[in-house]
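Enquirer: Here is a sequence with its predicted model. Questions after.
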Amino acid sequence: MGKSASYICTSCGAKHARWNGQCDVCKEWNTIIREAPLSAGPTSRSLGGRRGNSIDLTSLSSIEDPPERNLTGMTELDRVLGGGLALASATLVGGDPGIGKSTLLLQAAAHCARNEKNVIYVSGEEASSQIRLRASRLGLGNASVRLANATSLRDILATLDAERPDLVIIDSIQTIWLDNIEAAPGSLSQVRASAHELVDFAKRKCISAVLVGHVTKEGLIAGPRVVEHMVDTVLYFEGERGHQFRILRSVKNRYGPIDEIGIFEMTAIGLEEVSNPSELFLSGRAKPAPGSVVFAGMEGSRPLLVEIQALVARSPLSQPRRTVLGLDQARLAMILAVLESRCGISFAGLDVFLNVAGGLKITDPSADLAVAAALMSARDGKSLEADTVVFGEISLSGALRPVPQVEKRLKESKKLGFTCLHIPADGKRSDIKGITVEKHGDLGGFVAGKFEER
């Protein structure tokens, strides 16, 4: 027997066993529609008695190499994309409101237009006059980018089919609507259908399409996750409003590496590319102070040096505070537990504050040893030497696990003037002229060597 139809809410995507006037999850009225299941299999009965047509099969060796990419003219953006925008591809860019998504894409569109590319910028949120004002402020008023203010998907696709641009930017996918779907723009069904049509059109017409997506309060792109599966590349534009740095991070890329980052600085005339982010992140670092440790991490293929700051203070509360910015809170809890269990160092009754300078978010587990060093330094009031860099992953047993791409981290540290590095003992040679490398087998040995005079 075939599967029965299900009912889905077009506002929040919740599934229901039967039709209701009100969704039990989001409490919206008249948003539940019937969604028929797929056929059980390719039989004549399930296909309604009509057989499908045979599809064309092509030998892998006979397919021509893909054409060259469209370079955006922005080195950091091309780096994250894996060498530029691939033809017949769809890219989804997400980020918090006001973080600079529209500014970044307008600058990229202007650079592409200067390279004699046909570029169309479709905005469903701003009038063309508003985009013109931003372009003038950025010094891009003379760019040959063609603008449109539209939200109807049928009109947009008809225009793109007639113009055949090299690059089209849709800002944003949540404002686009399809007239054959009875739901408001921005709803799950509208976003899913609009994204599917745009991605399919880009593939068929060999166009580079860039879609802007809003994010939820959790930091994820709003709408169904299936949209991220449809597109070829997903980029997140991150940063704190109080900091001038902006980080473009690749979380999915069918044409290049993931977890690659590009660093930008927000200025009065737009986004400026940062060619040496390590030097910039450490530029405001003062003299060595307790709780301050320099960490050498990897973001994609790029080595990056940042400052990890810790503050430990006696807590008046029965349950001490654990506040973290730029790192995973669960990772901090694990490191504190390892310090207490394996090294006999307790942080009970102490408030712990941890911060990554510059507003950067670190996911690299090799930051564990630098975090532990910052905590111990802040707890004992003892600062590390100014030329010291620390990195290494801590296991639950207290052992220090080897980390990848050690040589790149060492070379980046030497380039910025650091001469003493504390790393895990991995059995490999790490001899670089001009720097001293101290290897540690476990966290207890590191703590005893650096903080034994407590």
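Expert: All right, it came through fine.
Enquirer: Pass me the low-pLDDT residue ranges in the stretch 301-450 of the chain, would you?
Expert: Applying pLDDT under 70 to the stretch 301-450 of the chain picks out residues 427, 429.
Enquirer: Strands along that one, start to end?
Expert: Using DSSP state E, counting those that start in this stretch, the strands of the stretch 301-450 of the chain run over 302-314, 322-325, 350-356, 388-390, 393-394, 400-401, 420-424, 436-440.
Enquirer: I'd like to know which of the ones you listed is closest to D380.
Expert: When those are compared by CB to CB, strand 302-314 sits nearest D380, at 8.9 Å. For glycine as for every other residue, the C-beta is placed from the backbone atoms N, C-alpha and C.
Enquirer: how far out from the middle of the chain is the closest one?
Expert: 21 Å (CA atoms, centre = their mean, to the nearest Å).
Enquirer: relative to strand 350-356, how tilted is that strand?
Expert: Using axes from the mean of the first three to the mean of the last three CA atoms, to 10 degrees, one finds that strand 302-314 and strand 350-356 are set 160 degrees apart in direction.
Enquirer: Mind giving me the packing neighbours of strand 302-314?
Expert: Here strand 302-314 touches helix 277-281, strand 292-299, strand 350-356, helix 368-380, helix 406-415, going by 3 or more CB pairs under 8 Å, 6 or more residues apart in numbering; DSSP states H and E.
Enquirer: Indicate each strand paired with it and its parallel or antiparallel sense.
Expert: Next to strand 302-314 in the sheet, as set by DSSP bridges, lie strand 292-299 (antiparallel), strand 350-356 (antiparallel).
Enquirer: My guess is G358 contacts V306. True?
Expert: Yes - counting by CB atoms under 8 Å, V306 is a contact partner of G358 at 6.4 Å.
Enquirer: Which one's more surrounded, these two?
Expert: V306 (24 against 21; other CB atoms under 10 Å).
Enquirer: ok, now which ones touch the more buried one?
Expert: S278, F281, L282, V294, F295, G297, V356, A357, G358, L360, I362 (CB atoms under 8 Å, 6 or more residues apart in numbering).
Enquirer: any idea how far it is from G434?
Expert: For V306, the distance to G434 (CB to CB, to the nearest Å) stands at 22 Å.
Enquirer: dump the residue contacts of the residue nearest to S208 when sequence neighbours are not counted.
Expert: Among residues not flanking S208 along the chain, L85 sits closest, at 4.2 Å (CB to CB, 6 or more residues apart in numbering). Contact analysis of L85 by CB under 8 Å, 6+ apart lists R69, N70, L71, T72, T91, L167, S208, V210.
Enquirer: Could you dump the strands paired with strand 302-314 into CSV and include mean neighbour count?
Expert: CSV is the format used below for the strands paired with strand 302-314 (neighbours: other CB atoms under 10 Å):
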stretch, mean neighbour count
strand 292-299, 24
strand 350-356, 19
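Enquirer: what about these, which gets the closest to G98?
Expert: Nearest of the strands paired with strand 302-314 to G98, taken as CB to CB: strand 350-356 at 21.5 Å.
Enquirer: Count residues in the vicinity of V231, would you?
Expert: A total of 24 residues lie near V231 under the criterion other CB under 10 Å.
Enquirer: Surely it is in contact with L92?
Expert: Yes - look at V231 against L92 with CB under 8 Å: they come within range, at 4.5 Å.
Enquirer: who's in contact with the helix or strand S102 falls within?
Expert: Element membership of S102 [criterion: DSSP states H and E] is helix 101-114. Residues external to helix 101-114 that are found in contact with it (CB under 8 Å, 6+ apart): 70-74, 77, 93-95, 119, 121, 123, 126, 131, 134-135, 138, 140, 143-145, 166-167, 169, 171, 210, 212, 237, 246, 248, 264, 270-271.
Enquirer: swap in stretch 272-292?
Expert: With CB under 8 Å, 6+ apart as the test, stretch 272-292 has contacts from 74-76, 245, 262-266, 294, 302-312, 357-358, 360, 374-375, 377-378, 380-386, 412, 416.
Enquirer: now do stretch 424-433
Expert: Contact partners of stretch 424-433, identified using CB under 8 Å, 6+ apart, comprise 369, 392-393, 400-403, 406-407, 410-411, 414, 423, 437, 439-441.
Enquirer: What subset of these is buried?
Expert: Buried members of these, scored by 16 or more other CB atoms under 10 Å, are L369, G392, E393, L400, V403, V406, L410, K414, I423, V437, K439, H440.
Enquirer: So the first one versus L336, what's the distance?
Expert: In other words, L369. L369 is 14 Å from L336, by CB to CB.
Enquirer: Excluding covalently adjacent residues, which one is nearest to L327?
Expert: Leaving aside its chain neighbours, L327 sits nearest to I362 (5.6 Å; criterion: CB to CB, 6+ apart).
Enquirer: and the one you found, what does it touch?
Expert: Residues counted as contacts of I362 (CB under 8 Å, 6+ apart) are F295, G297, V306, G326, L327, V356.
Enquirer: Same check on F451?
Expert: The contact partners of F451, by CB under 8 Å, 6+ apart, come to M376, S377, D380, K382.
Enquirer: if we can go back for a sec, let's see which of the contacts of helix 101-114 end up in strands.
Expert: Among these, DSSP state E puts 93-95, 119, 121, 123, 167, 169, 171, 210, 212, 237, 246, 248, 264, 270-271 in strands.
Enquirer: wouldn't D171 be in contact with I120 here?
Expert: No - in this structure, D171 is not within contact of I120 by CB under 8 Å, at 11.3 Å.
Enquirer: where does R154 land in three-state SS?
Expert: Classification of R154 by DSSP: H, G, I helix; E, B strand; the rest coil places it in helix.
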